[in-house]
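1. Fold the stuff below for me.
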Amino acid sequence: MGYYPLFVDLTGRTCLVVGGGPIAGGKVQGLLTAGARVTVVSPTLIESLTDAARAGRIEHRGRAYRDGDLAGVTLAFAATGEPAVNAAVASEGRRRGVWVNAVDDPAHCDVIIPAVVRRGALTVAVSTGGVSPALARAVREELDRHLGDDYAALVDVAGEVRRALRAGHRRVDARAWHDALTDPRFRRLVTEGRRALASHHLRARLEAACPR
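-> Here you go, the predicted model:
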């Protein structure tokens, strides 16, 4: 099966996690980071999820999954490790049009969650389409070593300059952006933490590429 790569805005949307163990905890943390409203269905919870429920960061239903739990849900995770539960959650999801991820069970997945590297606003996602999650993690670790913390500043500067150019009604083609962003002098300024100079250098180069 081929999967279409997609980033989804879950801010304020209700998401369901079935399961209360460490894997479920990881899914919950990712959803909370994305701004989702999270409900966890499980008779028991690990300590971090218990703390989140007590703090009101998640809603906890202290019981096993049952049909109907996906009503009003945007995205659901089955993280119990029980094939029968995965199948039931996936079945309800398909009836209701809710995307489901069943952990380590591609047959019951509508979506695959990639291995992710984050540097500020930069997100790099790696997926093998569920064929080998271990390989996806290994590639993520390689990228994690390669992509330094300066990439967060790189994204910020590029975004700042893009907004300025758009405000000035300057349209820059993709080739000019590529050449400017890979300019060794620009990248060196970013790496050295000379953000203002990097921004000035990038903007000047792009403006030269698209004269009025």
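2. How many neighbouring residues does G30 have?
-> Applying other Cβ atoms under 10 Å, we find 17 residues neighbouring G30. Any C-beta I mention is one placed from the backbone N, CA and C, and that applies to glycine too.
3. Numbering from 449 from now on, please.
-> Okay, residue one is now 449; in that scheme the one you just asked about reads as G478.
4. Which strand or helix spans it?
-> Secondary structure assignment for G478, by DSSP states H and E: helix 470-481.
5. Can you identify the element that follows that helix toward the C-terminus?
-> strand 485-489.
6. by contact count, what packs against the longest helix anywhere in the chain?
-> When the chain is parsed with DSSP state H, its longest helix is helix 598-615. Judged by 3 or more Cβ pairs under 8 Å, 6 or more residues apart in numbering; DSSP states H and E, helix 598-615 is in contact with strand 563-567, strand 570-574, helix 632-639, helix 643-657.
7. Tell me if I am right that F525 is in a helix.
-> No - counting by DSSP: H, G, I helix; E, B strand; the rest coil, F525 is not part of a helix but strand.
8. How much space separates it from S575?
-> Relative to S575, F525 is positioned 16 Å away (Cβ to Cβ, to the nearest Å).
9. can you check R623 too?
-> Distance from R623 to S575, by Cβ to Cβ: 29 Å.
10. can you pull up the bridge partners for V466?
-> V489, A526 (DSSP bridges).
11. what's the neighbour count on it?
-> Look at V466: counted by other Cβ under 10 Å, it has 28 neighbours.
12. Which residues are in contact with it?
-> 472, 488-490, 513, 517, 524-528, 533, 537 (Cβ atoms under 8 Å, 6 or more residues apart in numbering).
13. Excluding chain neighbours, what is closest to G467?
-> Among residues not flanking G467 along the chain, A527 sits closest, at 3.6 Å (Cβ to Cβ, 6 or more residues apart in numbering).
14. quick one: contacts for the closest residue to F455 other than its chain neighbours?
-> Using Cβ to Cβ, 6+ apart and skipping the chain neighbours, the partner closest in space to F455 is T571 (7.2 Å). Residues counted as contacts of T571 (Cβ under 8 Å, 6+ apart) are 455, 564-565.
15. Give the buried subset of the residues you listed as a ChimeraX selection command.
-> A single ChimeraX command selects the buried members of the contacts of T571 (16 or more other Cβ atoms under 10 Å):
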select :565
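16. Take the contacts of T571 and lay them out in a markdown table including distance to L480 and pLDDT.
-> Converted to a markdown table, the contacts of T571 look like this (distance: Cβ to Cβ, whole Å; pLDDT from 0 to 100):
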| residue | distance to L480 | pLDDT |
| --- | --- | --- |
| F455 | 17 | 92 |
| V564 | 15 | 92 |
| V565 | 19 | 94 |
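17. Residues in contact with stretch 492-506: which ones?
-> 468-470, 472-473, 476-477, 480, 486-488, 490, 507-508, 510.
18. Name the member of those with the most neighbours.
-> Most crowded among these, counting by other Cβ under 10 Å, is V476 at 28 neighbours.
19. I figured that residue was touching T487, is that so?
-> No - V476 is beyond contact range of T487, at 9.7 Å (criterion: Cβ atoms under 8 Å).
20. Distance check, the residue lying closest to K475 once chain neighbours are set aside against A519.
-> Spatial nearest neighbour of K475, chain neighbours left out: F525 (4.7 Å); criterion: Cβ to Cβ, 6+ apart. According to Cβ to Cβ, F525 stands 16 Å off from A519.
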